[in-house]
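Trainee: 3D, please:
(2 chains)
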Amino acid sequence: MTAMTKCPVAGGKIPVLDGDPFSPESLENPLPFQEALREAGPVAYLSKYGAYAIGRYEHMSQAVSNWQELTSGEGVGLLPPNRARGLLQMDPPEHDAPREVLQEILSARVLRSMKDNCMSRAEALFDELLDEVPAGGEVLVDGAQQIAAVFPVNFFPDASGIDPDGREKLVPYADHIFNSLGPRNELFEKGAGQAKELNEWATGKCQRDALAPEGFGADIWAAADRGDILHEHAPLLTRSLLSAGVDTTVYSISGLMHALATNPDQYEALKQNPGLARVAFDESLRVVSPVQQIFRVASTEVEIDGFVIPKGSRVLLSFQSANHDPRRWENPKKFDLTRDPSGHLAFGMGMHQCVGQHAARLQSACLLEVMLQRVAKVEMAAPVEYYHNNVLRGWGKVPMRFTLV
Amino acid sequence: MSTNAMTTGEKDAAQAAPHSVAGHPGIQSLRVARKEELAEGVVRLRLEEPNGFRVPDWTPGAHIELVLPTATQGALSRHYSLCGDRWEASSYEVAVLREPNSKGGSHYIHDELVEGQMLNVGTPRNNFSLSQAKRYEFIAGGIGITPIMTMIAAAEQLGIDWHLHYGGRSRASMAFLPELEAYGDKVTIWPQDEMGHLNLTFLAETVEHGRVYCCGPEPLLNAVAGAAEAWPAGTVRFERFVPAQLPEPVRTEPFELELAISKKVVTVGTQQTVLGALNDAGVPVLSSCNEGVCGTCEVGVLRGTPEHRDSLLNDAERAKNDRMFVCVSRAISDRLVLDL
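Mentor: Numbers count the residues shown, from 1 in each chain, chains lettered A, B, ... in the order given. Prediction:
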């Protein structure tokens, strides 16, 4: 079988890539595949998977917003979904009402009103990490396991009103959901055995009587009481907070910690100008995008810069590749607080843009604010260890050395 | 927030609205690609992005602001429900009735506006969105059919049961009759000159997981509200063209606004709107209708109790006191803390 025969419409025009975005090598370091994808052309054909892929910024920014032609309702993975579809895997008009409800519940205004709560949690976390370290002293902190894996796993489910029992299951629960958007490889198989149990567990946590009387979960049920959504959809919508809102934030904060520790000069710049905190978070998302890629399905023939993707094809959208496109970003690998990262695609764009982004922004802003007050200097203490997931850029360890103020 | 993060570099052109109007965020310039008569006194406009770029997304029930450059009254801002196909990503459609008591907006569109002309258009907003349900009762009076057309399309796509009750002065004045014919007995047409007022007795009985969506002139809205008294809160939804009539403001003394982000305190005098006070203080808020119907000037309320004077929020939303429309709403408490 040759790859070219699988390119029915465009014949040989669409370049064929033999590289594999889901190989262990690509998951350890995704940049070489992404560069090959970008340099192949506006669209490439992935011979191993029979799917198309887009990696240049210009075409990605259009493709991501184009819900009419690049649809989500048949799933956003390589293969059709085998579980109840959440918001991410819906098209309009099915998507409209639940999206509006979540957007309201997770609005910037709501999250801003939670700042005091989030700040005191960030202070408590640093109190614990820096306990008994004298002024000017040094301490080793794992930015992945001791900061990123702790903070969102408590803040976001608490804010959602999810009962604290069993929190350790949250990351494995979402880990498998994201793995299942890739091929049926070892990563998928690893979580498949536990998936049903974790799904049931998560669904149970999202029933009305299991939720705290206040929180995003209760707000979803209140929206059902107001008639905005049907009550029968409330558990699934609540569950999407857990599947989409925890691991992604864990990894975005890990990436931020890594960016700071590998760029001590930028940390120093941030200390001089704490107003750059928001730029720092967005720039870290650009450099290492927590959601690396998703798929859409072409609902019609989709033309991208003269190349035609056949109707019915699965199309890989590589957020990270677009965020590293040198046509758009100068010196793209560099974490640089003098650049304006707006327009990065780590949260997506358009109708499906990350609805929880204000929650992620609040958490990173509070952690950074406290860190800047207490930590004079950061550097890496040992090499990072990545954690492989088919879709997420996961972190196992980010060993950092803090020098206290 | 850094101002830096809000700027858009030139490489970012694909993201910025390509025809955004300088100094007017949320306004873009679109071409009147088609103007056609749909029914007696009703024209439909098709507004296209001149280079075929995407226009901002919208959902059924949404409306847009058109800025109409009239010769005699200057720029008039008018809001119209979108009635086109949202799968057409680079255009909008609106249908406009010639209002006999027009303050100038519909007169301009009917008599002055020509195909090919560029028009400043706002970002879509939706105060009348379609909630999930197992059955929809759509009730339209006259030009109130426009948002309902997009809801019907959505209900059809979702495979949800619906019925339209559509009243108008006469068949000749009722837009979209040919399109609606395709839906057969899901549609009841009530031309007033043949059949009198819409029969609303079907509303006496509630429908489980049902919703009523009604858009039309004030007397129809009132009649539907009366006929649908048995329906639970939140299940009957209205879109108003004109603001509800309001009593005098509760509070007769000035009050203070504390602005949480810009860290200012602003006093609102008795003869001033909150919007005016904010603009005077150098904290501009986008606004459009200035009568509490369009939703453009929504501001988050962090503390304090607003006096809601808009025609947008329902009772449950008002009770939360977490937002207000600053063109008309005022304060009950001495101070409001705003998310600005």
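Trainee: if you count neighbours, what's buried in stretch A:155-169?
Mentor: Neighbour counts using 16 or more other C-beta atoms under 10 Å in any protein chain shown place A:155, A:156, A:157, A:158, A:159, A:160, A:161, A:162, A:169 of stretch A:155-169 among the buried residues. Any C-beta I mention is one placed from the backbone N, CA and C, and that applies to glycine too.
Trainee: what about it and chain B, touching?
Mentor: No. Stretch A:155-169 stays clear of chain B (C-beta under 8 Å from any C-beta of the partner chain), getting no nearer than 15.7 Å.
Trainee: pLDDT averaged over that stretch - what is it?
Mentor: Summarised as a single mean, pLDDT over stretch A:155-169 is 93.
Trainee: ditto for stretch A:385-396
Mentor: Averaged over stretch A:385-396, pLDDT sits at 98.
Trainee: who touches it?
Mentor: A:22, A:24, A:27-28, A:30, A:77, A:144-145, A:148, A:175, A:178-183, A:185, A:187-188, A:247-248, A:251, A:254-255, A:258, A:288-294, A:320, A:384, A:397 (C-beta atoms under 8 Å, 6 or more residues apart in numbering or on different chains).
Trainee: farthest pair within the buried residues of stretch A:155-169?
Mentor: Spatial extent of these (C-beta to C-beta) is set by the pair A:159 and A:169 at 18.1 Å.
Trainee: name the SS class of the closest residue to residue B:296 other than its chain neighbours, please.
Mentor: With C-beta to C-beta, 6 or more residues apart in numbering or on different chains as the criterion, residue B:296 has its nearest non-adjacent residue at 4.1 Å, and that residue is residue B:288. State at residue B:288, reduced to three classes by DSSP: H, G, I helix; E, B strand; the rest coil: coil.
Trainee: next, count neighbours for residue B:288.
Mentor: Residue B:288 has 20 neighbours, counted by other C-beta atoms under 10 Å in any protein chain shown.
Trainee: same question, residue A:147
Mentor: Count around residue A:147 with other C-beta under 10 Å applied: 24.
Trainee: ok, and for the helix of greatest length in chain A, which residues are buried?
Mentor: Secondary structure of chain A per DSSP state H: the longest helix is helix A:186-205. Residues A:187, A:188, A:191, A:195, A:198, A:199, A:202, A:203, A:205 are the ones in helix A:186-205 that count as buried (16+ other C-beta under 10 Å).
Trainee: which ones, among those, also lie beside chain B?
Mentor: Within those, nothing lies near chain B by C-beta under 8 Å from any C-beta.
Trainee: any chance of a markdown table for the residues you listed, columns pLDDT?
Mentor: Shown next, in a markdown table, are the buried residues of helix A:186-205 (pLDDT from 0 to 100):
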| residue | pLDDT |
| --- | --- |
| A:187 | 97 |
| A:188 | 96 |
| A:191 | 94 |
| A:195 | 92 |
| A:198 | 94 |
| A:199 | 93 |
| A:202 | 94 |
| A:203 | 93 |
| A:205 | 94 |
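Trainee: among the residues you listed, which two are most distant?
Mentor: The widest separation within the buried residues of helix A:186-205 (C-beta to C-beta) is 24.5 Å, between A:187 and A:205.
Trainee: buried ones in the helix or strand just after the longest helix of chain A?
Mentor: Once the chain leaves helix A:186-205, the next helix or strand it forms, by DSSP states H and E, is helix A:216-225. Neighbour-count burial for helix A:216-225 flags A:216, A:217, A:218, A:219, A:220, A:221, A:222, A:223, A:224 (criterion: 16+ other C-beta under 10 Å).
Trainee: same for helix A:216-225, what does it pack against?
Mentor: Judged by 3 or more C-beta pairs under 8 Å, 6 or more residues apart in numbering or on different chains; DSSP states H and E, helix A:216-225 is in contact with helix A:96-105, helix A:151-160, helix A:234-245.
Trainee: can you list the ones you listed in JSON lines and add distance to residue B:196?
Mentor: Formatted as JSON lines, the helices and strands packed on helix A:216-225 follow (distance: least, C-beta to C-beta, whole Å):
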{"stretch": "helix A:96-105", "distance to residue B:196": "35"}
{"stretch": "helix A:151-160", "distance to residue B:196": "52"}
{"stretch": "helix A:234-245", "distance to residue B:196": "42"}
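Trainee: indicate which one of these is closest to residue A:333.
Mentor: Short answer: helix A:151-160, nearest of these by C-beta to C-beta, at 25.8 Å.
Trainee: what residues does that closest one touch?
Mentor: Helix A:151-160 is contacted from outside by A:114, A:117-118, A:121-122, A:125, A:164, A:167, A:170-171, A:211, A:215-217, A:238, A:241-242, A:245-246, A:249-250, A:253, A:356, A:359-360, A:363, A:367, using C-beta under 8 Å, 6+ apart.
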